[in-house]
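Chemist: Build me a structure from this.
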Amino acid sequence: MAARQLHYPKIRDCSSCPGGQCIAFEKYDGTNTHFAWDRDFGWHAFGTRRDGFNLTEQGISEFSQRHQQLREVVSVFDATLAAPLDGIFRSHPAYLPFNEIVAFAEFHGPGSFAGLHKQDDIKTLTLFDIKLCDFGLLAPSQFVDDFCHLNAARVIFKGKFTGAFTEDVRQGKFNVAEGVVCKGGNGGEDLWMAKVKTDAYMDRLKTAFGNKWEQYWE
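Modeler: Have a look, this model is predicted:
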């Protein structure tokens, strides 16, 4: 059976990173979610990295049954990101040529860990990427310019991707809980991404899950 295509690509570690100039964003410890927008129909679909649902009453119900810990996703999106993103897509000249756009946001709360969430936590959605259909993911510089005024991933670093920088991240010098995602290039097929996690987070993961920790390393 063929593997199901992911809605968002898997980010590799820095061992195969091409290097060069990059922007490093904080990586949040939560669940990768996506929301699909159409110029005629508005927001019409959503889901996780691995599945998708219609943004209808039935689709939300099906999603909530499959992902009980994520059942607040749509209400949080509607309250925080839906209207601002729609406004940008309909008014900003860079997005007018595109009829289909997908927004990616991390769903998390103060007690979230390794994709698991505490029921009583107040959750948020942190925007971290935009995909333009027939082009691909935005260049990191464009994402910063156009979307970082929203509840978007915090920029940790701008500059050359080096071994010294990755070691500083691992040692906790950038005050991030999980780590960073470094992005470079001009977007679309020219985009590259690499993740770096802190040693403290990796130790916590291994302590919590033992020899199964790799299942939660994303």
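
Chemist: Now the worst-scoring helix or strand of the chain on mean pLDDT: buried residues?
Modeler: Ranking every helix and strand in the chain by mean pLDDT, DSSP states H and E puts helix 199-209 at the bottom, with a mean of 88. By 16 or more other CB atoms under 10 Å, the buried positions in helix 199-209 come out as 201, 204-205. (Each C-beta comes from the backbone N, C-alpha and C, glycine too.)

Chemist: would you list those residues in TSV and tack on distance to Asn175?
Modeler: As requested, these are exported to TSV (distance: CB to CB, whole Å):
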residue	distance to Asn175
Tyr201	13
Arg204	16
Leu205	19
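
Chemist: between those, which is nearest Leu6?
Modeler: Checking the buried residues of helix 199-209 against Leu6 with CB to CB, the nearest one is Leu205 at 21.1 Å.

Chemist: so what strands line up beside the helix or strand containing Phe104?
Modeler: In this assignment (DSSP states H and E), Phe104 forms part of strand 100-108. The strands beside strand 100-108 in its sheet (DSSP bridges) come out as strand 31-38 (antiparallel), strand 124-132 (antiparallel).

Chemist: returning to what we had before: figure out how far the least confident helix or strand of the chain is from the centre of its chain.
Modeler: 21 Å (CA atoms, centre = their mean, to the nearest Å).

Chemist: got it, and stretch 188-196?
Modeler: 13 Å.

Chemist: How about that stretch, which residues are buried there?
Modeler: In stretch 188-196, counting by 16+ other CB under 10 Å, buried: 191-196.

Chemist: and what of stretch 108-116?
Modeler: Those would be 108-109, 112-115, for stretch 108-116 by 16+ other CB under 10 Å.
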